[in-house]
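**Q** Curious how this folds, go ahead:
(4 chains)
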Amino acid sequence: MWTFIHKMGSPPWFFRFSGVVVQWLLPITIGLLLVGAAWGLLVAPPDFRQGNSYRIIYIHVPAAVVALAGYYVMAFAGAVSLIWRIKMADVTMRAAAPVGAVLTAVALITGAIWGKPTWGTWWVWDARITSMLILLFLYLGVVALFEAYENKTAAARACAVLSLVGTVNIPIIYKSVDWWYSLHQPASIKFTGESAIDSSMLYPLLLMIAAFYCLFALTVLLNMRAELVWNHREANWLQQLVRKV
Amino acid sequence: MYFDSLSAVWHMDGHGFYVWLSYALTFLPVAIMLWLPIRRQRQHWQWIVAEQRRANSRPADAQSE
Amino acid sequence: MSADIPLLSLREAFSRQFRRHFKALMGSPADMANPLLFFFMVVTLFPLGLGPDPERLSAMAPGLLWVVALLSSLMVSSKLFGSDYEDGSLEQLAIAPYPLSILVMGEVAAHWLATGFLLAAVSPLFGIMLGLPAAGLGVLFYSLVLGTICLTLIGAIGSALTVSIRRGGLLMSLLIIPLNVPVLIFGTTAVSEAVIGGNPQTWLTLLGGLAMGSLALVPLAISAALRVSLDN
Amino acid sequence: MPLLTAQDVAIERGERRLLSGVDLTVEAGDIWQLVGANGVGKTSLLRALAGLAQLGVSGQIAHAQTRLYLGHAPALKKNLSALDNLRCHPASDILASDDMIFSALASLNLAGYEERPVGSLSAGQQRRVALTRLLLSQAPLWLLDEPFTALDVSGCEWLDTQIRSHVSSGGAVVYTSHQPSRFGSLQQDVDLVRYVC
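**A** Residues are numbered from 1 along each chain as shown, chains lettered A, B, ... in the order given. All right, here's what the predicted structure looks like:
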């Protein structure tokens, strides 16, 4: 285990390893996304109350779930970078932030579109959407902070501190927004929980969640590889690799 | 397959616009998100290749002159 | 000279830092008055924007007061470490033979007393101006005392992270506002509950818990962030 | 036991490597001057030796727990008096009585200026207030960044005397300057040109 982590910290080894992973992950991700989307759009039955508009759930919920998990991945990388000072962790954090921000934005946009046929309005200050919006701000803060620092090593450490503070705060934010919403909840727009979801609707949802996790991993790896090529453009191992290909 | 015809798939009992719009607005950014790093890496790779070629050809030029 | 020199006690080092910053703040009354003035002016804007209907204003007063308090706290804490960074005090703090997190807390405590606590103390006055019912005034004060502790501490993280960046002010609000959401919710709810004769204790307790948790964890984040800023 | 040891220290800033392979052992009684052209990394190395800079610094640095660092910035609050500034200095390590502070300020020709806000003093006077710290600390190791700039002749002489007496009583000094050696055979040079990448 330790040797594996140690190897992950070495750019040449990681570049080769991630190359193999990406080769497999790219077709798997695209396949999962297409199958899941087709299943959710075409095969699954409509919701008896919301009709066909509920099919947005197959992208909205996975995007939201993975966006939140992505923040924890980013913060974990930040902690590794702060404690063990592994440069690869910096690269991971930097690669994960924009991906998480895009997924959060996707969850917000699809949520808004879903709101129109369901609630009759594009935007509702519902607990889940509000929490998503705050998560988007947290992500944008990390991205903006990184861009603002001139020294990129310092930038990575500053972002690590910020994302750790955010991680501690996220459960509190989610909980407080929940309470806030339940205090002010208007009776007319109650959202039916998905606890009663039928298995014919659940399987494509699980498939799409898996697909979005793969998508997250894939884009982060691709971002990291692009970053590595740039950072190590003068390093021996990369020069040799380029010569070979 | 739940729907009977292609137009039913497109229309989705009046919800088609919302469903297809949200899928489009998901897959477009996802595609861009996948494509950008691939393009960036390829670009940098080509710069390195070009630089190596230049470095290799320079001594050869000097000899031929 | 021997290697182990009798140093100051940690408490003495902390209180020196507190006194230094407190005196410096007292020396520039304009800096202390600015957030209060800002509070005052925004409170004036609300009736102009929303109409003078007392019922409507008093219904919105808890939320309005808390949002303005949050903004004015944000405004002052964005400059918390600015002068320390520019005049070199930060370097001296970082090199001092005491834990940076504790020294920094001396400074944050002085800052809170001179801005946050002052704001809380004056807030009932603004509450009356917006027609906040008398039942809410006391809770407004208590909630702001606890709440400004959190706001100041979180603001200090933001200031520490952005102090080495030119034009860090706007960035700072982006970093800090989402982290302040729970404080705002707990504070506003406490005041609203008091107004409708409900139970504000729960929410004040939550705010107190938040303040205690921040007091325990935030100093570490501030000192880590300051060291990063010194390295930029 | 040496007051400061640096082994194989390398310094990089962003992606640029400034210095590498710096070895330095500072014993009690030593005066070291970091010599080099502008921009070579004198201040960066001094900050690294002081423990102020950590990012981009590799190698081993061990130093005494208390050390005195004077940088370009005077670390003075403009609207506090010199007295208050020195009473509550962020890095103060002794309980200095007001009398001690008064006599320290007087030895730098600052008698009569103790209670005035530092912001109202001239740049040279502010610099001397900052230097007063040398008398109000027990740190055995002094790290001084360009201490002789912005000082008049008498100020330079005062500083000269302080450094000599500090060293003779078992302290050590590391300083940067682009002026030639001031302490003759007492001091040793670290020429940074040798370590430039």
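**Q** show me where pLDDT drops low in chain A?
**A** For chain A, the stretches with pLDDT under 70 are A:1, A:185-197.
**Q** which one is residue A:139 nearest to, not counting chain neighbours?
**A** Closest residue to residue A:139 apart from its sequence neighbours, by Cβ to Cβ, 6 or more residues apart in numbering or on different chains: residue A:101 at 3.9 Å. The way it works is simple: take the backbone N, C-alpha and C, and place the C-beta from them, glycine included.
**Q** Tell me which helix or strand comes right after the helix or strand encompassing that neighbour.
**A** According to DSSP states H and E, residue A:101 maps onto helix A:87-119. Following helix A:87-119 in sequence order, the next helix or strand is helix A:127-148 (DSSP H and E).
**Q** what comes up buried for that next one?
**A** Applying a neighbour-count criterion of 16 or more other Cβ atoms under 10 Å in any protein chain shown, one finds A:127-146, A:148 buried in helix A:127-148.
**Q** residues in contact with stretch D:19-29?
**A** C:1, D:2-11, D:32, D:40-41, D:44-45, D:49, D:59, D:140-141, D:167-168, D:170-172, D:174, D:190, D:192, D:195-197 (Cβ atoms under 8 Å, 6 or more residues apart in numbering or on different chains).
**Q** Would you mark the buried spots in it?
**A** Those would be D:19, D:22, D:24, D:26, D:28, for stretch D:19-29 by 16+ other Cβ under 10 Å.
**Q** Just these: which are in strands?
**A** Among those, DSSP state E puts D:19, D:22, D:24, D:26 in strands.
**Q** Name whatever forms a beta bridge with the second one.
**A** In this case it means residue D:22. residue D:9 (DSSP bridges).
**Q** one step back: how near is the residue nearest to residue A:139 to residue A:173?
**A** From residue A:101 over to residue A:173 the distance is 17 Å, taken as Cβ to Cβ, to the nearest Å.
**Q** Repeat that for residue D:51.
**A** 36 Å.
**Q** Kindly report the same for residue C:229.
**A** In terms of Cβ to Cβ, residue C:229 sits 25 Å off from residue A:173.
**Q** Settle it for me: which of these two has more neighbours?
**A** residue C:229 (24 against 21; other Cβ atoms under 10 Å in any protein chain shown).
**Q** Correct me if wrong: the more buried one contacts residue C:82.
**A** No - here residue C:229 lies out of contact with residue C:82, judged by Cβ atoms under 8 Å, at a distance of 10.8 Å.
**Q** so what sits against both of the two?
**A** residue C:163.
**Q** Look up how far chain D lies from residue A:47.
**A** In this view, residue A:47 and chain D are 53 Å apart by Cβ to the nearest Cβ, to the nearest Å.
**Q** Look up the closest residue to that residue, ignoring the ones flanking it.
**A** Excluding the flanking residues, the one nearest residue A:47 by Cβ to Cβ, 6+ apart is residue A:54, at 3.9 Å.
**Q** what about chain C, any weak spots by pLDDT?
**A** C:1-6.
**Q** change it to 80
**A** C:1-7, C:168, C:232 (pLDDT under 80).
**Q** ok, now which ones touch the residue nearest the centre of it?
**A** Centroid-nearest residue in chain C: residue C:152, 2.5 Å away (criterion: Cα atoms, centre = their mean). Residues near residue C:152 by Cβ under 8 Å, 6+ apart: C:73, C:77, C:108, C:111, C:112, C:115, C:116.
**Q** repeat for residue D:195
**A** D:19, D:20, D:21, D:22.
**Q** hmm, try it at 10 Å
**A** By Cβ atoms under 10 Å, 6 or more residues apart in numbering or on different chains, residue D:195 lies in contact with D:9-11, D:18-23, D:36, D:40-41, D:45.
**Q** Kindly reformat the residues you listed as TSV containing pLDDT and distance to residue A:230.
**A** Putting the contacts of residue D:195 into TSV (pLDDT from 0 to 100; distance: Cβ to Cβ, whole Å) gives the following:
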residue	pLDDT	distance to residue A:230
D:9	90	27
D:10	90	22
D:11	89	23
D:18	86	21
D:19	88	25
D:20	87	23
D:21	87	27
D:22	89	29
D:23	90	33
D:36	85	31
D:40	84	28
D:41	85	25
D:45	91	29
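**Q** quick revisit: after the helix or strand harbouring the residue nearest to the centre of chain C, heading C-terminal, what element do we hit next?
**A** Using DSSP H and E, residue C:152 falls within helix C:134-162. For helix C:134-162, the following helix or strand on the C-terminal side (DSSP H and E) is helix C:168-176.
**Q** what inclination does that following helix have with respect to helix A:127-148?
**A** 140 degrees (axes from the mean of the first three to the mean of the last three Cα atoms, to 10 degrees).
**Q** so which strand or helix has residue A:75?
**A** With DSSP H and E as the test, residue A:75 turns up in helix A:57-84.
**Q** May I see the buried residues of that helix?
**A** So for helix A:57-84, counting by 16+ other Cβ under 10 Å, buried means A:57-71, A:73-82.
**Q** count of residues packed around residue 43?
**A** No chain specified, so I'll use chain A. With other Cβ under 10 Å as criterion, residue A:43 counts 13.
**Q** Chain C was what I was after
**A** Taking other Cβ under 10 Å as the criterion, the count of residues near residue C:43 is 19.
**Q** is stretch A:111-123 up against chain B anywhere?
**A** Yes - contact of stretch A:111-123 with chain B is found when judged by Cβ under 10 Å from any Cβ of the partner chain, involving A:111, A:112, A:113, A:114, A:115, A:116, A:117, A:118.
**Q** Farthest-apart pair in these, please.
**A** Within the residues of stretch A:111-123 next to chain B, A:111 and A:117 form the most distant pair, 12.4 Å apart (Cβ to Cβ).
**Q** joint contacts of those two?
**A** residue A:56.
**Q** which residues touch residue D:124?
**A** Here residue D:124 is in contact with D:150, D:151, D:152, D:155 (criterion: Cβ under 10 Å, 6+ apart).
**Q** rerun at 6 Å
**A** Counting by Cβ atoms under 6 Å, 6 or more residues apart in numbering or on different chains, residue D:124 makes contact with nothing.
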